[in-house]
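>>> let me see the structure of the following:
(one chain, ligands or ions: 1)
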Amino acid sequence: MRFSSISFSAAVLLLLTVACSEPAKEKRAAIDNLIPKPSSVKADTGSFQLAANTTLNIDTANLELKKLAGYFNTLIKPATGFELAVKPAANDSTGIDLIIDTTIKKSPEAYTLSINGKKVTIKAGGGAGVFYGIQTIRQLLPDAIEATTKSETNWTIPAATIVDEPSYEYRGSMLDIARHFFGPKDIKRYIDLISFYKMNTLHLHLSDDQGWRIEIKSWPKLTEIGSTTQVGGGKGGFLSQEEYKDLVQYAADRYITIIPEIDMPGHTNAALASYAELNCNDTATKLYSGIEVGFSTLCTNKEVTYKFLDDVIRELAALTPGKYLHIGGDESHATKKEDYIPFMEKVQLLVKKHGKLAIGWDEVANSKLEPNTVAQYWADSANSVMAISKGAKLIMSPARKAYLDMQYDSTSKLGLHWAGYIEVDTAYTWDPANLEPGIKRENIWGVEAPLWTETIVTMDDIEYMVFPRLPGYAEIAWTPTASRSWDEYKVRLGYHGPRMKAMQIDYYPSKKIDWK
Ligand code: ACM
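The predicted model follows:
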C-alpha cells in the first residue's frame, strides 16, 4: 500500500511536471547573439570551462591589468562564487590571459578574443580593448552570470576567435538629472549598463530650469536654492563635488568619460532663481517645476554673468579629466539672436581658458566656433551642416531617432512624443552617415542617445525607456552600417531578453521582438 501510494504520487508529480514545464527553450549559440555585433566572429568546436581554479594571467607590473583582473573577479563572483587567482603570465599558462600589447597599431578600444578548451586570451593595444573583450566574454557565458546570487551553472565559454573594433570613436548616452534628480547609486547603475554595451561616454545634463545639480563652491546658492526642486515639485537634490569625483572615477574604471553639461544661456531658471544678479532686472525668478522650455535666459550683457560662468567652468574643469565640457546652447528662445551669438563665443573662450574643449547643441553653429568645438545634432540639420562648414565634427543625436524619452507608441505610459514615437525598429534602422544630406561619415565623431527626464521619476522608469533601445544605439555606434540589418538584429535582441532579465533590467517588452 505504502509503495503504491508513493509511486502514485510520483506519477502525479511526473505528469504535473510534464504538463507545467514550458516548451523547451530554443537554443542558439551565444556566439551568434552578441550585441553589439563584432567585426569578425569565427566559432570553433569545444569550450572553455570557467572554474574556481581558473587563473587570470597578466603582466603583474601593469597596474591597469591588475585593475581589469579585479574588475573581472567583481563581475563573476556573485553568480559563480569564484575569486580567480591573479598570476604572472607565463607562455604555457592555462586560464584567462589579459594582454595589453602597445605595439598593436589599432585603436586602444580594439581587441581580439580567442577561446579554446585550455585558454581564453584577450589581447588589445590598450586597457579599453581588454575591458571590451571582458564584456564579450560576459555575453558568451550563460545568462546566469548576471545574477546577484550564486548558482551551480556550468560556466562554459564557447570556443571562438573574435576580432573586433568600434566603428565610431564616440559612443554615448546622456542622462538628464536636472528635470528629475538621480543620485550616485542610479548613475552608477546607468554607467554599468551602458558599459556592458561598449559605450564610452556618459553625458550628464547637470543644470536646467528645474534644478541645478552640481555643487559649485564659489556660488553656493546654486545648490542651496537652485537644487531644491524638480519637475512635479519634488525635493530635487544635487551631487557634491566629492560624489561627482567618485562618479568620474567609477566611470573611468569602466572606460567611460563623463561629459558634464551646464546648459546656457537658456534652460537656466534654477540659476536665475538662486542669484538675482544673473537676471537683467536684478530680481531672482521663482523656482520652476513645470516642463515648458525656452523661457529663461542669463543676462548676456552683464559682466557678472561672465564672472559667474568663469567660476562655474573653472570648478567643473577641475572635476573633469576628460577633454570636453558641454555648454548647451539649445532652445534659447528668450535670448535675442544678437545676444546669443557673442555669448556662445565668449563661453567657448572660457572653456578654452580652463583647458577644455566645448560641445554645444546644434544651435551653437550660429556662433563663431573655436577649433575643435563639437556640435551635437538633435533637431536642425541646417545648423549641423553650418557647424560642419565651420570645421566642427558632429555628435549624432537626432531626436526623431535617438531620443530615449520618446514614447515607443501611443500607449506608452512614460515619455513624450514631440519628435515622434520611437519603436525598437525605428531606433535601430538608421545610419548616422546617411540621415541628412550634407552630413557624411567623415563629419561624424559619434552617436549619443539622450534620456531627458521630464516624465522619468525612478530607476525603473529609466530602464523601461532605455531598454531595449540602448543596445541598438550601442550597435549603431560600434558596428559598421554595412554589417547591420534589422531582420538579423531583432533575432539577437530576442535572445538578449533573458540576459536583461538576469540583469534585473525592467525593459519594455516590444511586440516587434520575439522574446526568448
Ligand atoms: C534639446 O533636446 N533641447 C537639446
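>>> from now on I want contacts and neighbour counts done on CA atoms only, so please keep to that.
OK.
>>> quick check: residue 254 touching residue 129?
No. Residue 254 lies out of contact with residue 129 (C-alpha atoms under 8 Å); the separation is 11.1 Å.
>>> just want to know which of those two has more residues nearby.
The residue with more neighbours, out of residue 254 and residue 129, is residue 129; 28 against 23, by other C-alpha atoms under 10 Å.
>>> quick one: name the residues of the stretch 201-350 of the chain near the ligand.
330-331 (C-alpha under 6 Å from any ligand atom).
>>> ugh, typo on my part, it should be the chain
So the chain meets the ligand at 330-331, 361, 378 (C-alpha under 6 Å from any ligand atom).
>>> with neighbour count added, can I get those residues in JSON lines?
Output for the residues of the chain next to the ligand, formatted as JSON lines (neighbours: other C-alpha atoms under 10 Å):
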{"residue": "330", "neighbour count": "21"}
{"residue": "331", "neighbour count": "19"}
{"residue": "361", "neighbour count": "25"}
{"residue": "378", "neighbour count": "24"}
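>>> just want the residue of the stretch 201-350 of the chain that's nearest the ligand.
Distances between the stretch 201-350 of the chain and the ligand by C-alpha to the nearest ligand atom are smallest at residue 330, namely 5.3 Å.
>>> which of the three states applies to residue 314?
Here residue 314 is recorded as helix under DSSP: H, G, I helix; E, B strand; the rest coil.
>>> wait, it touches residue 354, no?
Yes. Between residue 314 and residue 354 there is a contact under C-alpha under 8 Å: 5.9 Å.
>>> ok, the two, which is more surrounded?
residue 314 (19 against 16).
>>> residues contacting the more buried one?
residue 354 (C-alpha atoms under 8 Å, 6 or more residues apart in numbering).
>>> look up how far residue 212 lies from it.
17 Å (C-alpha to C-alpha, to the nearest Å).
>>> do the same with residue 245
The gap separating residue 245 from residue 212 is 17 Å, by C-alpha to C-alpha.
>>> which one of those two has more residues nearby?
residue 212 (35 against 16).
>>> backbone torsions only: list them for the more buried one.
Here is the backbone geometry of residue 212 (degrees, to the nearest 10): phi -110, psi 120.
>>> then residue 172?
phi -140, psi 180.
>>> check what pLDDT it gets.
Here the pLDDT value assigned to residue 172 is 98.
>>> what does residue 3 give?
Confidence score, pLDDT, at residue 3: 38.
>>> the stretch 301-450 of the chain: strands as residue ranges?
Ranges of strands within the stretch 301-450 of the chain are 324-328, 357-361, 374-377, 394-396, 444-451, based on DSSP state E, counting those that start in this stretch.
>>> who touches the last one?
The contact list for strand 444-451, computed with C-alpha under 8 Å, 6+ apart, reads 168-176, 393-397, 402-405, 432-433, 466, 470, 473, 476-477.
>>> check the fourth one too.
Residues external to strand 394-396 that are found in contact with it (C-alpha under 8 Å, 6+ apart): 170, 374-378, 384, 387-388, 432, 443-448.
>>> and which of the residues of the chain next to the ligand is nearest to residue 29?
residue 378 (37.8 Å; C-alpha to C-alpha).
>>> buried stuff in the helix or strand harbouring residue 244?
Assigned by DSSP states H and E, residue 244 belongs to helix 241-252. For helix 241-252, burial by neighbour count (16 or more other C-alpha atoms under 10 Å) applies to 241, 244-245, 247-252.
>>> stretch 83-97 now?
Burial within stretch 83-97, assessed by neighbour count using 16+ other C-alpha under 10 Å, is assigned to 83-84, 86-87, 89, 94-97.
>>> okay, how far is it across it, tip to tip?
16 Å.
>>> what about it, distance to the chain center?
Going by C-alpha atoms, centre = their mean, to the nearest Å, the spacing between the C-alpha centre of stretch 83-97 and its chain's C-alpha centre is 31 Å.
>>> one more: stretch 258-276?
Stretch 258-276 sits 23 Å away from the centroid of its parent chain (C-alpha atoms, centre = their mean).
>>> make JSON lines out of the strands of the stretch 301-450 of the chain and add mean pLDDT.
JSON lines is the format used below for the strands of the stretch 301-450 of the chain (pLDDT from 0 to 100):
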{"stretch": "strand 324-328", "mean pLDDT": "99"}
{"stretch": "strand 357-361", "mean pLDDT": "99"}
{"stretch": "strand 374-377", "mean pLDDT": "99"}
{"stretch": "strand 394-396", "mean pLDDT": "99"}
{"stretch": "strand 444-451", "mean pLDDT": "99"}
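>>> for those strands, give me CSV that also has distance to residue 411.
Formatted as CSV, the strands of the stretch 301-450 of the chain follow (distance: least, C-alpha to C-alpha, whole Å):
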stretch, distance to residue 411
strand 324-328, 31
strand 357-361, 30
strand 374-377, 28
strand 394-396, 27
strand 444-451, 19
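>>> for residue 133, which of those is the nearest?
Between residue 133 and the strands of the stretch 301-450 of the chain, the shortest gap by C-alpha to C-alpha is with strand 444-451, which sits at 20.9 Å.
>>> residue 465 and residue 405 touch, don't they?
Yes. Residue 465 is within contact range of residue 405, at 6.4 Å (criterion: C-alpha under 8 Å).
>>> hey, what's in contact with both of those two?
Shared contacts of residue 465 and residue 405 (C-alpha under 8 Å, 6+ apart): 414-415.
>>> returning to what we had before: of the contacts of strand 444-451, which belong to helices?
Using DSSP state H, 402, 466, 470, 473, 476-477 are the members of the contacts of strand 444-451 that sit in helices.
>>> these: which two are farthest apart?
Applying C-alpha to C-alpha across the ones in helices among the contacts of strand 444-451, the maximum distance is between 466 and 477, 15.8 Å.
>>> just send the buried residues of helix 241-252 back as CSV, with pLDDT and distance to residue 297 too.
Below are the buried residues of helix 241-252 laid out as CSV (pLDDT from 0 to 100; distance: C-alpha to C-alpha, whole Å):
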residue, pLDDT, distance to residue 297
241, 99, 26
244, 99, 26
245, 98, 29
247, 99, 30
248, 98, 29
249, 98, 33
250, 98, 34
251, 98, 32
252, 98, 34
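>>> quick one: the strands in the stretch 101-250 of the chain?
111-115, 119-124, 156-164, 170-176, 201-205, 207-208, 211-212.
>>> can you list these in a markdown table and add distance to residue 76?
Shown next, in a markdown table, are those (distance: least, C-alpha to C-alpha, whole Å):
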| stretch | distance to residue 76 |
| --- | --- |
| strand 111-115 | 17 |
| strand 119-124 | 15 |
| strand 156-164 | 13 |
| strand 170-176 | 25 |
| strand 201-205 | 24 |
| strand 207-208 | 37 |
| strand 211-212 | 38 |
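>>> ranking those by burial, who's on top?
Of these, the one with the most neighbours on average (mean count of other C-alpha atoms under 10 Å) is strand 211-212, at a mean of 35.
>>> what is the rounded mean pLDDT of that one?
On average, strand 211-212 scores 98.
>>> 467 is where my numbering starts, stick with that
Yes, from this point I'll number from 467; that puts the last item at strand 677-678.
>>> which residues touch it?
644-645, 672, 688-689, 692-696, 702, 704, 735-737.
>>> the residues you listed in helices, which ones?
688-689, 735-737.
>>> I'd say residue 721 and residue 594 touch.
Yes. At 5.9 Å, residue 721 and residue 594 qualify as touching, with contact defined as C-alpha under 8 Å.
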